[in-house]
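# Just need the structure, nothing else, for what follows:
(2 chains)
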Amino acid sequence: MLNNFRLPDFTIPAALTRLGNRLPQLPPTLALVTTLNLALGRMIPREPLEMLIGKRFTIRVLDAGMTLRFSYGERGFRPLFDASKPDLTISARTRDFIALLAREEDPDTLFFDRRLLMEGDTDLGLLVKNTLDGIELPRFDAARLSPQELLHRLRARLNPSHGI
Amino acid sequence: MSAPLELVCPAGGLPALKTAVDHGANCVYTGFRDATNARNFTGLNFDDASIKQGIAYAHQRGVKVLVALNTFPLTDNWLQWTAAVDKAAAFGVDAVILADPGLMEYARRNHPKLRLHLSVQGSATNYEAINFYHQHFGIQRAVLPRVLSMAQVEHVVKNTPVEIEVFGFGGLCVMVEGRCALSAYTTGTSPNCQGACSPGKAVRYEETPAGMETRLNGILIDRFGQGERAGYPTLCKGRFEVDDETYYAIEEPASLNTLELLPELMRIGVSAIKIEGRQRSPAYVTQVTRVWRDAIDTCRRDPEHFKPTAAWMAELNKVSEGKSATLGAYNRPWK
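Presented below is the predicted three-dimensional model:
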């Protein structure tokens, strides 16, 4: 049953982590801030985020070797180019960030399990977590990314008479 | 035959409320975005628009919405609490969960049709106290503090006309509910008056070579070694040095899980089971509501042969705080 699909537990291999550490961090940071800015005022309400204005954030995707630094201001999110101390750092593995976005895992559960760490201003972290939890997301269905489902959709696209 | 056991699930926001409704809650309990409830954390809870939407969503599906107004107002902020009662009544909630007798009197006088529940924060552990609240303020349900054994819960149920709600699952603390001063002592903020135990502004986590350190207002309260499960940053669950030994001197982080007691809770006539966790995300609410709905339905069909499944227990253990789940005081042999 695809409805019971759970994101598998995976960790990106250490060799790729080392590679990730050496790659420029700007492209993924730009992708993240662009996505956040697109969502701002639409899916993500601006008003509760006022407390974040002028604050510096770091997202560490541990197994991908990514450290994404950005800030929030009146005009939205923007990348940061210096490594000075952020107000809030959130660290987790790729798999757990995806599970959080998909609302498959609870952040407190990951914290108890030592898979999610929030360093710096905890109140900012709570604001971010609770604001994201309060958003009514269009349903992200991880099952739609399963190999069978992707194959099924690809077949349907190549042969529309079968439909989905 | 008494009314079926109600499943009361937590919601810190609209998505959590909706998922609780969708997965089988009979009631969802909520709070407004201020100090009038005991989960007053930054960014959590409902503004007017979202609570209205939540009430409409739940009522369309036959589910009740309760609003916790379970902190204690002071002289200078009394009007904020009475305004919250007025708002809850105007929005058409099914009950308000109160702890302060003054507020109960206000609600009874001004909103005689509004159903009142006595919060766990009211800390009423005997039927005389519960009956007093019933006679004077007309409370129709009481949430029992998590300190009573099963025999004591049964004794309360037998001696009161008030519906009894008990905690079935979720984080545990020292259970001095409504009277705990530990958070206020360390941070200046208490769950009783400001609605937050260990508020985010006082909490700092840091990964160090020795492990992850938790500080509360600058005071180191715990350090978790590699792979060791972490708990909430509360003083009662900190590790302290006592006589040259460092250990959980007050309480070890643990979660309550009473799934195996379901047949007994039903037999003694408990009216509702409460799931702790308004501070948790919609993912937790989904997981826990699903398991408890399934368990309650299974137990109702055949209480004699009810046994929690390994899958239910695994799902609940996964989201639990600390490294152990306990039956709490319910299975204490002594009273």
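
# Would you confirm that residue A:23 contacts residue A:65?
Yes. Here residue A:23 reaches residue A:65: they are 7.4 Å apart, a contact under C-beta atoms under 8 Å. Quick note: C-beta positions are derived from backbone N, CA and C, even for glycine.

# Compare the two and say which is more crowded by neighbours.
Set side by side, residue A:23 and residue A:65 show more neighbours around residue A:65, with 18 against 12, by other C-beta atoms under 10 Å in any protein chain shown.

# Who's the closest spatial neighbour of that one, skipping the chain neighbours?
residue A:20 (2.6 Å; C-beta to C-beta, 6 or more residues apart in numbering or on different chains).

# Distance of the spatially most central residue of chain B relative to chain A?
Nearest to the mean C-alpha position of chain B, counting by C-alpha atoms, centre = their mean, stands residue B:276 at 4.0 Å. Residue B:276 sits 12 Å away from chain A, going by C-beta to the nearest C-beta, to the nearest Å.

# how much space between that residue and residue A:116?
Remark: distance between residue B:276 and residue A:116 (C-beta to C-beta, to the nearest Å) = 20 Å.

# okay, now residue A:73: neighbour count?
Every residue meeting other C-beta under 10 Å relative to residue A:73 is counted, giving 11.

# the longest strand in chain A is where?
strand A:66-73 (DSSP state E).

# Partner strands of that strand, with direction?
In the sheet containing strand A:66-73, its partner strands are strand A:56-61 (antiparallel), strand A:76-79 (antiparallel), by DSSP bridges.

# Flag every buried residue along it.
Using 16 or more other C-beta atoms under 10 Å in any protein chain shown as the test for burial, strand A:66-73 gives A:66, A:67, A:68, A:69, A:70, A:71, A:72.

# Same check on stretch B:60-68?
Within stretch B:60-68, judged by 16+ other C-beta under 10 Å, the buried ones are B:63, B:64, B:65, B:66, B:67, B:68.

# Retrieve the pLDDT associated with the fourth one.
Read it as residue B:66. Residue B:66 is assigned 98 on the pLDDT scale.

# Contact residues of chain A facing chain B?
A:48, A:51, A:91, A:103-109, A:111-114, A:117-131, A:133-137 (C-beta under 8 Å from any C-beta of the partner chain).

# could you flag which of those are buried?
A:48, A:51, A:91, A:103-109, A:111-112, A:114, A:117-131, A:133-134.

# Take those residues and keep only those in strands.
Those of these lying in strands (DSSP E): A:91, A:117, A:118, A:119, A:120.

# Now pLDDT too, for those residues, in JSON lines please.
Formatted as JSON lines, those follow (pLDDT from 0 to 100):
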{"residue": "A:91", "pLDDT": "96"}
{"residue": "A:117", "pLDDT": "96"}
{"residue": "A:118", "pLDDT": "96"}
{"residue": "A:119", "pLDDT": "97"}
{"residue": "A:120", "pLDDT": "97"}
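
# Stretch B:62-80: end-to-end distance?
The first and last residues of stretch B:62-80 sit 30 Å apart, counting by C-alpha to C-alpha, to the nearest Å.

# And it, how far out from the chain middle?
A distance of 15 Å separates the centroid of the chain from that of stretch B:62-80, by C-alpha atoms, centre = their mean, to the nearest Å.

# Could I get the CA-only coordinates of the longest strand anywhere in chain B as PDB?
Longest strand of chain B, by residue count under DSSP E: strand B:163-171. Taking C-alpha atoms only, strand B:163-171 is exported to PDB below (Å, rounded to 0.1, in the frame of the first residue of the first chain):
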ATOM      1  CA  GLU B 163     -17.100  13.100  34.300                       C
ATOM      2  CA  ILE B 164     -13.500  12.100  34.900                       C
ATOM      3  CA  GLU B 165     -10.800  12.600  32.300                       C
ATOM      4  CA  VAL B 166      -7.300  11.000  32.800                       C
ATOM      5  CA  PHE B 167      -4.000  11.400  31.000                       C
ATOM      6  CA  GLY B 168      -3.300   8.400  28.800                       C
ATOM      7  CA  PHE B 169      -0.100   9.300  27.000                       C
ATOM      8  CA  GLY B 170       2.600  12.000  26.800                       C
ATOM      9  CA  GLY B 171       5.400  13.700  28.700                       C
END
